[in-house]
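Chemist: got a structure for you, letters missing:
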């Protein structure tokens with residue numbers, strides 16, 4: 001588990017680069033303290049003392065000072081402080097409707113107009129493999145919502161964290177089945 005973070009972002013509410021730095025850290029799962037230097041004079045002076053700069057954003061992690069939005073250096077902070085990473089779903093797939101239209105021999109085995117995600121391959125040691133999904137399965141719903149495309153499934157999976165569960169419904173050899181996916 002990552003050690004207790006000591007990450008501070010000195011920012012102002014009108015700074016777009018500040019927003020980018022904070023959004024990047026949040027997206028990477030890095031807890032941080034947001035300090036608005038436009039409202040806190042002492043914090044502004046502390047930022048200048050640490051960085052030698054009056055411009056924002058300034059990100060400080062264990063004494064390391066990052067000026068501006070330096071994604072490469074912020075990524076190093078993220079690698080150190082991010083919480084547990086969600087394991088990958090682990091499928092190589094395509095939109096079912098489009099895939100089946102190009103492979104009529106497979107389309108004969110499923111109900112006409114089937115929408116979802118056609119599973120082509122399963123990567124080893126992933127959520128999909130542990131759940132027993134197989135190549136040829138067609139995912140039709142995820143977390144209680146119908147899925148019509150790989151892009152939609154990707155968006156839904158991206159909302160999950162390590163430890164979350166989601167139920168997936170799928171067609172295998174024309175039969176409707178379900179499985180709980182443990183992330």
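Modeler: It's in. Just so it is clear, the model here is predicted, and its values are computed rather than measured.

Chemist: How about the contacts made by residue 131?
Modeler: Applying C-beta atoms under 8 Å, 6 or more residues apart in numbering to residue 131 gives the contacts 168, 179, 180, 181, 182. From N, CA and C alone the C-beta is placed, and that goes for glycine too.

Chemist: And it, how close does it get to residue 178?
Modeler: 10 Å (C-beta to C-beta, to the nearest Å).

Chemist: which SS class is residue 119?
Modeler: The local conformation at residue 119, judged by DSSP: H, G, I helix; E, B strand; the rest coil, is strand.

Chemist: can I assume it is in contact with residue 90?
Modeler: No - the criterion here is C-beta atoms under 8 Å, and residue 119 misses it with residue 90 at 10.0 Å.

Chemist: Common neighbours of the two, please.
Modeler: Counting by C-beta under 8 Å, 6+ apart, the residues touching both residue 119 and residue 90 are residue 128.

Chemist: So for these two, which residue has more residues nearby?
Modeler: More neighbours surround residue 119 than the other of residue 119 and residue 90, with 23 against 19 (other C-beta atoms under 10 Å).

Chemist: and the more buried one, what does it touch?
Modeler: Counting by C-beta under 8 Å, 6+ apart, residue 119 makes contact with 91, 92, 93, 128, 133, 134, 135, 136, 137, 138, 139, 170.

Chemist: Out of the contacts of residue 131, which sit inside helices?
Modeler: Per DSSP state H, helices hold no members of those.

Chemist: By neighbours, which of these wins?
Modeler: residue 168 (25 neighbours).
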